[in-house]
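In: structure, please.
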Amino acid sequence: MNTTNSNLAGADPAPAATHPGTARSDHESALSFITCGSVDDGKSTLIGRLLVDSRAVLQDHLAGVQRAGETDLALLTDGLSAEREQGITIDVAYRYFATETRKFIIGDAPGHEQYTRNMVTAASQADAAVVLVDATKLDWRDPALALLPQTRRHSLLAHLLRVHTLVFAVNKLDAVEDPALAFDHIRSRIGAFAHEAGIHAQAIVPVSALKGWNVVDARPGWCGYEGLSLLQILERLPNTPPDADLPPALPVQWVEKPYAATDAGQGRRVFWGRLAAGRFAPGAAVQVFPSGQIATVTQVLDHARRPAAVPTGQSAGIVLDREVDVARGDWLVAAPLKGAAAEDDFDTATAQSAWPGLRELRATVAWMDDEPLVAGRVYWALHGHRWVKAKVRRVVHHLNIHTLAEEDDATELAPNAIGRVELLLQEPLPAAPFARSRVLGSLILVDTASNKTAGAVLVDA
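Out: Model prediction:
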């Protein structure tokens, strides 16, 4: 894996973002990214530096984040009173800013292990992740230094959640005796870890969030680095491509009843939801899951109730040619295609569903409950807007985040652990491998007693 400066200096940069006002909308071209990593690595300070140096903060706002007579950049994102009192990030804080070429949505994810669930929530919707690495916490003189567990855990979680791009920012190098040596050793270890874990590191850049070095403006030659600043890298990152080339699928969130039965224009119900994959068009045949009823799309409405070609990932209203039994939690999917007829069954063609229902799943789980996951327990599973009971048939293995080894003797998953399990569902779901579809391949498990979100599930097969 090549993580040298040539990859960071823009020799073969990722496709540049579309400038606001061109063919793509601001919403589509805006980059949503999170900052993650271990506790006190400088995530909130980094975001504060991005906001201040890009002139996205008003003077009166800056005046309100003073501490001991100096500006505390972390207070720009730590908005909860508990966060300000303890000096930590608890919940995900979102901030928005724009440069001349790009708009950004930033999610400041907490670094504490007990708030890993909040990081997973933020990462599931992100195009990119900036993983902060605090140089002062590492034995930077040792070429074989060990990265912090949360750095490894957050990187693995972002990778598992199909975050499109990972950028590693080595922070606080201004506070070590030999910044160049420290960056060289840390960069080497990050590269080795990323290669072993199958993670593509788009860039590894030295920064000082406190002083602003290599954050917005590049500081050529510092730490032996001649590449782009962090903001310049972010401006060039691509958005996560939607699953537009897959057969269409829409989880029904709301069923809109007609205004008046005598109004021919409003005589059909509208089924609203966000397109999980593909896109529907008038004349397309659809199937209702789980009932299996077949109907034809007569109209597709956008969020403003206008007939339009709604792209993947956007909210749409679907009107069908006849009344069928559809409720919240159902899915509208592409109608099954007839398969090839066999020669020995009197040429009877079998229909093949694009999104078949499954009751047995092998899945990767990021466990977030305070109680461990154990085989035999039953949880609520939420897929789209559909709730079903799910039983943990067995724990296949537990992932050791230090060695990346899959430990097959695991009988449970501890809080904040990552592992693979087998699930048995009470009812079938149109689930698909997460590698194929980010929406249809994801579920959450909820404790049936406490109603707390217990785990994030990524379907393997």
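In: and the helices in the protein, which stretches?
Out: Ranges of helices within the chain are 5-8, 26-29, 43-53, 59-63, 81-86, 116-123, 149-160, 179-197, 230-235, based on DSSP state H.
In: indicate which one of these is closest to Ile204.
Out: Ile204 lies closest to helix 179-197 among the helices of the chain, at 4.9 Å (C-beta to C-beta). Heads up, the C-betas are built off the backbone N, CA and C, glycines and all.
In: buried ones in the closest one, by neighbour count?
Out: For helix 179-197, a neighbour-count test (16 or more other C-beta atoms under 10 Å) marks Pro179, Ala182, Phe183, Asp184, His185, Ile186, Arg187, Arg189, Ile190, Gly191, Phe193, Ala194 as buried.
In: hmm, who's touching that helix?
Out: 1, 3, 133, 135, 138, 140-147, 152, 155-156, 159, 166, 168, 170, 173, 176, 199-201, 204, 206, 222-225, 404 (C-beta atoms under 8 Å, 6 or more residues apart in numbering).
In: how many other residues sit next to Pro220?
Out: 10 (other C-beta atoms under 10 Å).
In: kindly report the same for Phe168.
Out: Phe168: 28 neighbours (other C-beta under 10 Å).
In: who's it bridged to?
Out: Using DSSP bridges, the bridge partners assigned to Phe168 are Val131, Ile204.
In: give the contact list for it.
Out: Applying C-beta under 8 Å, 6+ apart, the residues near Phe168 are Val130, Val131, Val133, Ile190, Ala194, Ala201, Ala203, Ile204, Val205.
In: how about Glu406?
Out: His397, His398, Leu399, Asn400, Arg420 are the contacts of Glu406 under C-beta under 8 Å, 6+ apart.
In: any quick ChimeraX command for the buried ones out of those?
Out: To isolate in ChimeraX the members of the contacts of Glu406 that are buried, counting by 16+ other C-beta under 10 Å, one can use:
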select :397,398,399,420
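In: just to revisit the earlier point, and the helices of the chain as a markdown table, adding mean pLDDT?
Out: Formatted as a markdown table, the helices of the chain follow (pLDDT from 0 to 100):
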| stretch | mean pLDDT |
| --- | --- |
| helix 5-8 | 37 |
| helix 26-29 | 58 |
| helix 43-53 | 84 |
| helix 59-63 | 48 |
| helix 81-86 | 42 |
| helix 116-123 | 79 |
| helix 149-160 | 91 |
| helix 179-197 | 96 |
| helix 230-235 | 96 |
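In: can you tell which of those is closest to Trp380?
Out: Across those, Trp380 has its closest neighbour in helix 116-123 (15.8 Å, C-beta to C-beta).
In: run through the neighbouring helices and strands of the closest one.
Out: Counting contacts by 3 or more C-beta pairs under 8 Å, 6 or more residues apart in numbering; DSSP states H and E, helix 116-123 is packed against strand 31-37, helix 149-160, strand 453-459.
In: adjacent strands (with direction) for the last one?
Out: Paired strands of strand 453-459, with direction, are strand 358-367 (antiparallel), strand 442-446 (antiparallel) (DSSP bridges).
In: the first one versus helix 116-123: what angle between them?
Out: Yep, that's strand 358-367 we're talking about. Here strand 358-367 runs at an angle of 110 degrees relative to helix 116-123 (axes from the mean of the first three to the mean of the last three C-alpha atoms, to 10 degrees).
In: for strand 358-367, list the C-alpha coordinates in CSV.
Out: Provided in CSV are the C-alpha atoms of strand 358-367 (Å, rounded to 0.1, in the frame of the first residue of the first chain):
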residue,chain,number,x,y,z
LEU,A,358,-34.5,-13.9,3.8
ARG,A,359,-35.0,-15.4,7.3
GLU,A,360,-31.5,-16.6,8.0
LEU,A,361,-28.7,-14.0,8.0
ARG,A,362,-24.9,-14.1,8.5
ALA,A,363,-23.9,-10.6,9.5
THR,A,364,-21.2,-8.4,11.0
VAL,A,365,-22.4,-6.7,14.2
ALA,A,366,-21.0,-3.6,16.0
TRP,A,367,-22.3,-4.2,19.5
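In: buried set for it?
Out: Buried residues in strand 358-367 (16+ other C-beta under 10 Å): Leu361, Ala363, Thr364, Val365, Ala366, Trp367.
In: could you do stretch 269-286 as well?
Out: 269-280, 284, 286.
In: run through the chain and note the low-pLDDT ranges.
Out: Low-confidence regions of the chain, defined by pLDDT under 70, span residues 1-28, 56-91, 111-115, 259-267, 339-350, 461.
In: ok, now which ones touch the spatially most central residue of it?
Out: Centroid-nearest residue in the chain, with C-alpha atoms, centre = their mean: Ser124, separated by 2.2 Å. With contacts defined as C-beta under 8 Å, 6+ apart, Ser124 is in contact with Leu161, Ser442, Ala456.
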